[in-house]
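Novice: have a look at this prediction, sequence included:
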Amino acid sequence: MLSTPFLATIAGVETSVFIFAAVIIAIALFFDYVNGFHDAANSIATIVSTRVLSPGAAVIWAAFFNFIAFLVLGEAVAKTIGSGMIDLKLIGDDMNIKLLVVMCGVIGAIVWNLITWYYGIPSSSSHALVGGYAGAAVAAAGFSTIIASGWTKTILFIFLSPLIGMLLGSIIMIAVMWIFRNWSPGRVDGFFRKGQLVSAALFSLGHGGNDAQKTMGIVATVLVFSGMDLGATKDIPLWVVLSCHAAIGLGTLAGGWRIVKTMGSKITKLKPIGGFSAESAAAISIIGVTFAGVPVSTTHTITGAIAGVGMTKRLSAVKWGVAGTIVWAWVLTIPASALIAAVCFWIARIFV
């Protein structure tokens with residue numbers, strides 16, 4: 001629902017600015033939707049590959065927890081994206097240029113997501129978004145627009161999130177194998193089939209909480225730039241929260257089946273006990289950093305956790321060649337999306 005202050009504010013905004021802002025918000029929500037179906041594999045690959053749930057049931061389960069995440073995980077990541085990574089003042093006073101920066105940043109992220117989705121590569125939607133946003137800002141006003149402190153955490157967790165996921169995945173897997181060492185294989189399998197419902201729900205909660213907040217930050221920035229809500233990056237409006245969580249949930253319902261195959265079986269073979277361990281490790285990691293306001297990659301984290309589980313069998317159980325291809329996608333995501341967004345800005349600048 002739109003608040004009365006918001007409706008009063010837009011009454012004083014030029015029609016052309018309002019329409020431009022509305023178009024960008026629609027593009028941002030489309031990115032959120034693409035994020036959902038691109039990253040659906042993160043939430044459902046393990047639970048589908050272990051055959052605990054059918055693909056259809058799995059995406060419904062994941063989408064529900066994507067949506068309700070706002071009730072639990074707050075808005076810290078949205079505020080980091082909205083005002084902690086790009087110095088908005090340095091982009092200039094031209095409202096159209098500011099809005100153009102946001103639009104091209106989101107388009108850069110969408111294009112990179114679609115490219116990696118087409119080839120079945122589980123890249124990071126999170127880093128595509130921050131890369132695109134930065135690329136467009138740099139194209140508009142140079143590297144001085146980058147807030148180094150905001151980027152330190154993001155860059156650091158490109159490397160830390162898969163390592164933390166891998167470590168926790170290995171620890172949890174070893175711990176549950178020891179705890180249930182006297183159980184029969186059939187009994188263990190039955191127990192963790194139920195357990196995976198819980199671990200998949202927690203992971204989807206973390207995924208929805210961290211990833212939807214990135215789009216919330218972008219939409220809040222549009223509201224500030226357009227003059228419709230000058231305090232939006234500090235106090236995210238409820239309608240923004242609900243629409244972003246709804247968009248990512250609907251995207252998850254659409255599913256990203258090309259990437260499900262890579263995540264669910266190409267990295268390592270999983271049983272329910274392994275799926276539970278990987279999802280639990282990734283959920284703990286993502287929920288923790290979400291409260292800290294760090295825009296982390298759910299893709300990096302779950303991939304590391306799956307590899308960590310596989311390593312408890314033997315190192316050769318992990319298909320490191322596939323993992324290597326995924327790592328290259330991680331390395332390329334920020335510069336590639338930044339370049340696409342910059343080119344988009346330079347082209348659009350001709351017409352604005």
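Specialist: Yes, it's here. Worth saying up front: this structure is predicted, and the values here are computed from it rather than measured.
Novice: show me what the helix or strand encompassing Ile174 is packed against.
Specialist: In this assignment (DSSP states H and E), Ile174 forms part of helix 148-179. Helix 148-179 makes packing contacts with helix 125-141, helix 272-291, helix 298-311 when contacts are defined by 3 or more C-beta pairs under 8 Å, 6 or more residues apart in numbering; DSSP states H and E. The way it works is simple: take the backbone N, C-alpha and C, and place the C-beta from them, glycine included.
Novice: roughly how far is that helix from the heart of the chain?
Specialist: 16 Å (C-alpha atoms, centre = their mean, to the nearest Å).
Novice: tell me the most buried of the helices and strands packed on helix 148-179?
Specialist: Highest mean neighbour count of these: helix 298-311, a mean of 30 (counted as mean count of other C-beta atoms under 10 Å).
Novice: the residue nearest in space to the middle of the chain: which element?
Specialist: Centroid-nearest residue in the chain: Asp211, 3.5 Å away (criterion: C-alpha atoms, centre = their mean). Using DSSP H and E, Asp211 falls within helix 185-226.
Novice: Ala246 reaches Asn66, doesn't it?
Specialist: No: counting by C-beta atoms under 8 Å, Ala246 stays clear of Asn66, with 9.1 Å between them.
Novice: who has more neighbours out of these two?
Specialist: Between Ala246 and Asn66, counted using other C-beta atoms under 10 Å, Asn66 has the larger neighbour count: 32 against 19.
Novice: measure the spatially closest residue to Ala281 that is not a sequence neighbour to Ser125 for me?
Specialist: Closest residue to Ala281 apart from its sequence neighbours, by C-beta to C-beta, 6 or more residues apart in numbering: Leu168 at 3.5 Å. As judged by C-beta to C-beta, to the nearest Å, Leu168 and Ser125 stand 22 Å apart.
Novice: next one: phi and psi at Ile86?
Specialist: phi -120, psi 130 (degrees, to the nearest 10).
Novice: quick check: it touching Gly131?
Specialist: No: with contact defined as C-beta under 8 Å, Ile86 does not reach Gly131; the gap is 11.8 Å.
Novice: got the buried residues for stretch 174-189?
Specialist: Val176, Val188 (16 or more other C-beta atoms under 10 Å).
Novice: who touches it?
Specialist: Phe191, Phe192, Lys271, Pro272, Ile273, Phe276, Ser277, Thr312 (C-beta atoms under 8 Å, 6 or more residues apart in numbering).
Novice: could you give the angle of the helix or strand harbouring His38 to helix 185-226?
Specialist: Element membership for His38, per DSSP H and E: helix 15-49. Interaxial angle, helix 15-49 versus helix 185-226 (axes from the mean of the first three to the mean of the last three C-alpha atoms, to 10 degrees): 170 degrees.
Novice: which strands and helices sit next to helix 15-49?
Specialist: By 3+ C-beta pairs under 8 Å, 6+ apart, helix 15-49 packs against helix 55-68, helix 95-118, helix 125-141, helix 185-226, helix 238-254, helix 257-261, helix 272-291, helix 298-311.
Novice: and that helix, how far out from the chain middle?
Specialist: 10 Å.
Novice: about what we covered before: of the helices and strands packed on helix 15-49, which shows the lowest average pLDDT?
Specialist: Mean pLDDT per stretch puts helix 257-261 lowest among the helices and strands packed on helix 15-49, at a mean of 50.
Novice: Ile97: neighbour count?
Specialist: 17.
Novice: so it sits against Ile91, correct?
Specialist: Yes: using C-beta under 8 Å, Ile97 makes contact with Ile91 at a distance of 6.5 Å.
Novice: need the residues touching each of those two.
Specialist: In contact with both Ile97 and Ile91: Ala140, using C-beta under 8 Å, 6+ apart.
Novice: could you dump stretch 138-155 to PDB, C-alpha only?
Specialist: Output in PDB follows, covering the C-alpha atoms of stretch 138-155 (Å, rounded to 0.1, in the frame of the first residue of the first chain):
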ATOM      1  CA  VAL A 138      31.900   5.400 -13.000                       C
ATOM      2  CA  ALA A 139      30.800   6.000 -16.600                       C
ATOM      3  CA  ALA A 140      28.800   9.000 -15.500                       C
ATOM      4  CA  ALA A 141      31.200  10.700 -13.000                       C
ATOM      5  CA  GLY A 142      34.400   8.700 -12.700                       C
ATOM      6  CA  PHE A 143      35.900   6.400 -10.100                       C
ATOM      7  CA  SER A 144      35.600   9.100  -7.300                       C
ATOM      8  CA  THR A 145      31.900   7.900  -7.000                       C
ATOM      9  CA  ILE A 146      33.000   4.600  -5.500                       C
ATOM     10  CA  ILE A 147      32.800   4.500  -1.700                       C
ATOM     11  CA  ALA A 148      35.800   2.200  -0.800                       C
ATOM     12  CA  SER A 149      34.500   1.200   2.600                       C
ATOM     13  CA  GLY A 150      31.300  -0.100   1.200                       C
ATOM     14  CA  TRP A 151      33.100  -2.200  -1.400                       C
ATOM     15  CA  THR A 152      35.700  -3.700   1.000                       C
ATOM     16  CA  LYS A 153      33.100  -6.000   2.600                       C
ATOM     17  CA  THR A 154      31.600  -7.000  -0.800                       C
ATOM     18  CA  ILE A 155      35.000  -7.800  -2.400                       C
END
